[in-house]
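Colleague: got a sequence here, can you model it:
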Amino acid sequence: MPQVKPGIATTILMPEPAGEGFVEISPNKTLFVQKLTYDDPVKPEIVEDLQKVEDVFAHYKPSVDVELDKEDGSTTNENFQFAGLGDFDAKNLTNQSAFLKSLNLEYDTYLKIIKQLKTNKSLANVIQNAETKSAFINILKSLVEELEEK
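Modeller: Just a heads-up that it's a prediction; the model follows:
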């Protein structure tokens, strides 16, 4: 039975029961296949009744250990677990890692500082003058010291 692409006033025909329901990937999409766990199977197995992607993730419970580099050159190990395709999103990966959460918080803080530098005229004037900039930095350093003492 021929495949009919849906359009205005068209009927979508179901594939024949004997045929497989494979659909060609459109040219603007990429299929990425990779092993998502370091565990080798003890023996090959055929798993039936996995109908959805979520079923595959629930059955295999893929996870990966990743070594992340810190600014000082040291590394930290993180384990990422995947329960669905959405877990590959940057936000979901960040939520699984304390290290990435701290980096994201630092990134957001830097963005706020940049925004302040662009919009706050008084602060921009202070930073443009070398003498007032130095005084401002010294005040910030003393404030940090005072906060660390308490």
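Colleague: below-threshold pLDDT in the protein: ranges please.
Modeller: By pLDDT under 70, the low-scoring segments of the chain are 1-25, 30-37, 41.
Colleague: centre-most residue in it?
Modeller: Residue closest to the average C-alpha location in the chain (CA atoms, centre = their mean): residue 90, at 1.1 Å.
Colleague: what does that residue show for phi and psi?
Modeller: When quoted as degrees, to the nearest 10, the phi and psi of residue 90 stand at phi -60, psi -40.
Colleague: can you pull out the strands in the protein?
Modeller: 63-69, 75-81 (DSSP state E).
Colleague: can you redo the ones you listed as TSV with mean neighbour count and distance to residue 42?
Modeller: All C-beta atoms are positioned from the backbone trio N, CA, C, and that covers glycine. Putting these into TSV (neighbours: other CB atoms under 10 Å; distance: least, CB to CB, whole Å) gives the following:
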stretch	mean neighbour count	distance to residue 42
strand 63-69	12	17
strand 75-81	13	21
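Colleague: in CSV, list those strands along with distance to residue 38.
Modeller: Formatted as CSV, these follow (distance: least, CB to CB, whole Å):
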stretch, distance to residue 38
strand 63-69, 7
strand 75-81, 11
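Colleague: for residue 83, which non-adjacent residue is closest in space?
Modeller: Once flanking residues are discounted, residue 83 sits nearest to residue 57: 5.4 Å by CB to CB, 6 or more residues apart in numbering.
Colleague: ok, now which ones touch that neighbour?
Modeller: By CB atoms under 8 Å, 6 or more residues apart in numbering, the contact set of residue 57 is 82-84.
Colleague: list only buried entries from those residues.
Modeller: residue 82 (16 or more other CB atoms under 10 Å).
Colleague: returning to that earlier point: mind checking how far the residue nearest to residue 83 is from residue 143?
Modeller: For residue 57, the distance to residue 143 equals 48 Å [CB to CB, to the nearest Å].
Colleague: tell me what the helix ranked longest in the chain is packed against?
Modeller: When the chain is parsed with DSSP state H, its longest helix is helix 98-119. In terms of contacts (3 or more CB pairs under 8 Å, 6 or more residues apart in numbering; DSSP states H and E), helix 98-119 is packed against strand 75-81, helix 90-95, helix 121-128.
Colleague: repeat that for 7 Å
Modeller: helix 90-95, helix 121-128 (3 or more CB pairs under 7 Å, 6 or more residues apart in numbering; DSSP states H and E).
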